[in-house]
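Participant: quick one, fold the following:
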Amino acid sequence: MNCYQQPFVPFQPGVAVPYPQAMNAVQEEILDQQSYIENILRDNYGKLATVYMNFEGSQWGSKVFKGYIRGAGKDHIVLKDAQSETRYLLLMVYLDYITFDEKIEYDYPYRKKEE
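Facilitator: Below you'll find the model as predicted:
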């Protein structure tokens with residue numbers, strides 16, 4: 001048995017990683033290029049948003065939340081209600097879409113520049 005084991009390097013389509021030390025830089029570059037909802041929401045922290053959610057098959061049905069973006073992760077949004085001090089932890093699995101009444105920050109590499 002070989003006493004030296006190669007570190008696990010996850011497969012990234014289209015990205016050649018010649019040695020494990022380069023993985024962190026490559027991963028950071030890939031993350032910078034990806035346009036995920038949580039990244040867009042983080043870029044718009046503090047802005048007023050209207051979040052449309054659908055709780056299909058439950059007593060709540062569809063609901064609309066209007067508030068200020070306070071945080072976001074891969075599976076959740078933190079929203080502060082626009083009319084009160086209530087905070088909501090909303091699960092992305094129920095998210096339909098989000099609207100903003102103002103211009104949003106969206107500076108990802110493949111975005112077409114506004115004229």
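Participant: contacts for the host helix or strand of Arg42 next, please.
Facilitator: Following DSSP states H and E, one finds Arg42 within helix 37-43. Identification of contacts with helix 37-43 by C-beta atoms under 8 Å, 6 or more residues apart in numbering yields 49, 69, 71-74, 77, 92, 95, 98, 104-108. In this view, the C-beta of every residue, glycine as well, is placed from N, C-alpha and C.
Participant: in the chain, which strand is the longest?
Facilitator: strand 61-73 (DSSP state E).
Participant: low-confidence stretches in this protein?
Facilitator: In the prediction, the chain carries residues with pLDDT under 70 at positions 1-35, 108-115.
Participant: make it 90
Facilitator: 1-36, 57-60, 106-115 (pLDDT under 90).
Participant: just to revisit the earlier point, show me which of the contacts of helix 37-43 are buried.
Facilitator: Buried residues within those, counting neighbours by 16 or more other C-beta atoms under 10 Å: Ala49, Ile69, Ala72, Ile77, Leu95, Ile98.
Participant: find the nearest non-adjacent residue to the fifth one, please.
Facilitator: Going back to what we said before, that points to Leu95. Met53 (5.8 Å; C-beta to C-beta, 6 or more residues apart in numbering).
Participant: mind listing what's buried along the strand or helix carrying the one you found?
Facilitator: Applying DSSP H and E as the criterion places Met53 in strand 48-55. Buried residues in strand 48-55, counted by 16+ other C-beta under 10 Å: Leu48, Ala49, Val51, Met53.
Participant: Tyr68 and Leu48 touch, don't they?
Facilitator: Yes - assessed by C-beta atoms under 8 Å, Tyr68 is found in contact with Leu48 at 5.8 Å.
Participant: joint contacts of these two?
Facilitator: Common contacts of Tyr68 and Leu48 (C-beta under 8 Å, 6+ apart): Ala82.
Participant: ok, the closest residue to Glu102 other than its chain neighbours to Arg87 distance?
Facilitator: The shortest distance from Glu102 to any non-neighbouring residue, by C-beta to C-beta, 6+ apart, is to Lys47 (6.5 Å). Distance, Lys47 to Arg87, by C-beta to C-beta, to the nearest Å: 16 Å.
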